[in-house]
Structures are given as structure tokens and as C-alpha cells.
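let me see the structure of the following:
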Amino acid sequence: MEFEAVIGLEVHAQLTTKSKIFCGCSTRFGSEPNTQTCPVCIGMPGVLPVLNKTAIEYIVKTAIATNCTVAPYSRFARKNYFYPDLPKGYQISQFELPVAQHGHIDVVVEGEVRKIGITRIHLEEDAGKNLHEGIVGASHVDLNRAGVPLMEIVGEPDIRTPEEAAEYMRKLRSILRYIGVCDGNMEEGSLRCDANVSIRPVGQKELGTKAEIKNMNSFKNVAKAIEYEIKRQKQVVMSGGRIVQETRLWDANKGVTLSMRSKEEAHDYRYFPEPDLVPVVVDQEWIDELTEGLPELPDAKRERFVSQYGIPEYDADVLTQSRAMGDYYEACVTAYNQPKTVSNWIMGDVMRELKNANLEIEECPLSPERLAGMLKLMEDGTISGKIAKTVFEEMFKSGKDAETIVKEQGLVQVTDTGAIEKVIEEVMAANPQHVADYRSGKEKLFGFFVGQVMKASQGKANPAMVNDLLKKMLAG
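Numbering: from 1, shown residues only. Now for the predicted structure:
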């Protein structure tokens, strides 16, 4: 029997507001435990929440960017459950009346466009964090995160493969970062994902019993966890077993999902309207204003890069993964109008050095104008492509411009015919047998001579001139 997977993702995105959703405490990451709290976010009796307007603005922007319908009227509810990191004994969230519903985003997997539906997007407050590491005989609670604004994006069960799931996450992260509502840092927990995974026989419309997977903190882990869970469920069914509805944790070190607890249904949370908050009303005028203020989104930017700059779709896709990367590319092309050359250097050398230094493009020590300056030196023959690699690495390390580095290190390309001929003569004199072999018909040795001349000139000889002069001099 053949099975297909049915996957739906629930994504929690921490909003980049400076203060929490119902109080004025900071949302800054990494502070000492319990230093960013107040009576509101730690649930003291008698306090009242006050809604952060920026949080509403951010969720409306997200709704627009993901093709959702924004509700003119929504309201908060209390989600009741007990856990040590939940100081009030309930979480303020949204239930029957969320801010946004019925959207979608398009993802491309193996050249095929897939439309992934979004059921709803709603706001809620984050809980605190239980601390166990290094603590013997007890657990501590850090409430700095309690009350941090979260946006839950609930996807439709439209995903069929682990690759689609990872691509959906990448696309969603890209959109959220473009519009500036979430920094997308999965390692710090500001973008978290739970996956609902089930299987069913191919052709069956009825959904199978699902397992919810938690604790996936990278795109790679999202794909690996779902892949493992699909295989696990298939093995259970094929061996005559029954899938149990449960929550499972992904153990990245072992590469397995582990049972955590049986899954609670929504009605177990005993939702009821939050009595301390008035309903949220969003008028069309504000929606129109926010729509007009949105930046160019990834899909539109990618299509424009292809049409305006004539670069391949693959290049455009890579360069538009983040808004900052796209801006960097365009600034460089403005200074040096060779779009494909620029994309090659950014996708190759720039991204490699950023990865090695663990930096984002926003932190790149090499400005697009200085990269363009180096490319101009290549174009006018001042430096060769090989020398450019050396110059680039030094520019990235020191922040100096290309001209300064070339002058300081004497890296100007040699274009003097006499000087190059002298180097060729020395190489030929040092390799008489190879010269004889070449002249007897072993023309593949030409590459050897080019390499030796470039090595002897420390990469400074003009490659085109080396090729021309070598052909003449080897011909005898």
C-alpha cells in the first residue's frame, strides 16, 4: 500500500516590538533572568493589560503580505491551562475571532509552484521559560519572555513532503523579515515551528491521525523531523499498529522524534472571552495605509531582478532571500553595471566570507560600493581575476578599499610585454623536456605552461597576454 503524508505547520513568530504585548517591559533577548518583568506580565492580582498597538500593526502587515483577509472586529480570549512558566494560570490569546484568516503563500519545490493555505493568524502572549540546566533538585523559572508578543500562523494541511515544509518556512521567514515584523532567528526562538504530521493511503480524502512535532530550530531540522515521523508512522501502520494522537519532541542529536504527551484538544483549554480587553477594531482606511507602506515583497523583487537585470531565476531567488541582500546587490549594480558579474561575486565570495565569519549581510564589513570598486579594477585590467580574490579577502578583513590594498601590496597586474616574455623564457628554460613534448604534439601541456608563468609572476601577469605570448613562443 502506498501512503502520502499530510502536513500542516503552526508557526510562532516573535514580533520585533520594543515592549511586551500588554505592558511596557522590554523584549530584549539575553538579559539576566527576571529582570524584564512587572506586575502585569508576572500576573499579580488586580493588574490590567493594555494592548500594544504596534503588535496589531505588525499582524495586519503580515496578513496583507500573506494574502489574508483582515477581520474588522476581533477579540482576545483566555486559554486556561496550568504550567509553571505561565504565571497567571492562563494565556491571553485569540480563539474564535482572530485578526486574520484565509490566506496563502506560494512556494517553489523542484520547479513546481505549490500554493500553501493559511487558516488563520492570531496574536497571543508568550509564556516564560523553565530552567533546568545546571540546577540540581529543582527547576527555576525565567519570566523575561512572559508577555512577549507572538503571532501564530496556522497553515492548512496542504504540505505533502518534508522539502515543501522547509521551503514554506523559508518563504514565511523571508516575508516576515522583509516587512520587519520578526527577525526570524530560529536559534534564539523568535521563530518557532510545530508540525502536524499524518499519513493516509494515496487517493483517500479522509485525514489520518496526526502527531504534533515540537522543538525544531532550523529549516534542516524541520525537514529531518518530518521525514523521520513519516517513516515512523508508515512502519507502525504496516506492522498492524495504530497511530496515536500525541505530541512528540524532535531529538536532533539522535535524529528521532520521541513521545512527549497525549494531545489535548482545543476545548480542554476552556477558552472564554478576555474580560479585561476591549475588542480590536481595524478599519479599512488603516489597512489601505499599511498596504501602501509595505516594501516590495520577495516574489515581486525576484521577478523584477530577472526582468530588469537579466540574471537567471536561480540568482534572483538567492539574492532576494532577504531584503538586505537584495538592497546590497542593487547598490552594487548601481555602482558597477554588470549584473551577472555582481551576482556571481555576491553568491560566491561575499556569502562564503559572511558564513565563515557568522555574519548577516547587514553586518558585512565590505560595502557594495567598495566591492564595485574592486570589480572596476578587474575590468580595466589593473588587477587580474586571481589577484582580485586576494584583494577581496583583504578588503573583507580590513575594510580598506581595493585601490589602497593594490598599492600597498604591489598587486598591479603586469601588462608589459617584455616583462611577461622574460618570465616565459625562464619557464621554458626550466622545462626543456616539456617544451619538446609540446612541440611534438602534446598540446595539453599548454595549461601547464600557463600555470607555471602565472605562478612565477605571482599571479600578476595579464592572463590574456600570457596565453597569446605563450602560443607564439612555444611555437618556436
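
so what's the residue of the chain positioned farthest from its centre closest to, chain neighbours aside?
No residue in the chain sits farther from the centre than Gly476, which is 57.5 Å out by Cα atoms, centre = their mean. Sequence neighbours aside, Arg439 is the residue nearest to Gly476 in space, at 6.4 Å (criterion: Cβ to Cβ, 6 or more residues apart in numbering). No exception for glycine: its C-beta is placed from N, CA and C like everyone else's.

number of nearby residues for that neighbour?
For Arg439, the neighbour count with other Cβ atoms under 10 Å is 13.

Pro275 too?
7.

quick check: which ranges of the protein have low pLDDT?
Within the chain, the ranges that satisfy pLDDT under 70 run 263-267, 411-416.

tell me the first helix or strand C-terminal of whatever helix or strand Asn130 lives in.
Secondary-structure assignment from DSSP states H and E places Asn130 in strand 129-131. For strand 129-131, the following helix or strand on the C-terminal side (DSSP H and E) is strand 140-142.

chain center to that next one: distance?
How far strand 140-142 lies from its chain's middle: 30 Å, per Cα atoms, centre = their mean, to the nearest Å.

list the buried residues for it?
141-142 (16 or more other Cβ atoms under 10 Å).

go on, stretch 106-118?
Of all the residues in stretch 106-118, those buried under the rule 16+ other Cβ under 10 Å are 107, 109, 114, 116-118.

widest-spaced pair of those residues?
Within the buried residues of stretch 106-118, Val109 and Ile118 form the most distant pair, 17.5 Å apart (Cβ to Cβ).

residues near the nearest residue to Thr54 once chain neighbours are set aside, how many?
Among residues not flanking Thr54 along the chain, Thr17 sits closest, at 4.9 Å (Cβ to Cβ, 6+ apart). Thr17 has 18 neighbours, counted by other Cβ under 10 Å.

swap in Pro312?
12.

if we can go back for a sec, my guess is the residue nearest to Gly476 contacts Phe446. True?
No - between Arg439 and Phe446 there is no contact under Cβ atoms under 8 Å: 11.3 Å.

overlap in contacts, these two.
Leu474 (Cβ atoms under 8 Å, 6 or more residues apart in numbering).

direction included, what does the strand holding Asn130 pair up with?
Applying DSSP bridges, strand 129-131 is found paired with strand 140-142 (antiparallel).

could you point out the helix or strand that follows the strand it pairs with?
By DSSP H and E, the next helix or strand past strand 140-142 is strand 149-155.

partners of that next one, with directions?
Going by DSSP bridges, the partners of strand 149-155 are strand 3-14 (antiparallel), strand 112-125 (antiparallel).

deepest-packed of those, please.
Counting by mean count of other Cβ atoms under 10 Å, strand 3-14 has the highest mean neighbour count of the strands paired with strand 149-155, with a mean of 21.

from the chain's centre, how far out does it sit?
The answer for strand 3-14 is 17 Å, by Cα atoms, centre = their mean.

what do you get for stretch 432-452?
How far stretch 432-452 lies from its chain's middle: 49 Å, per Cα atoms, centre = their mean.
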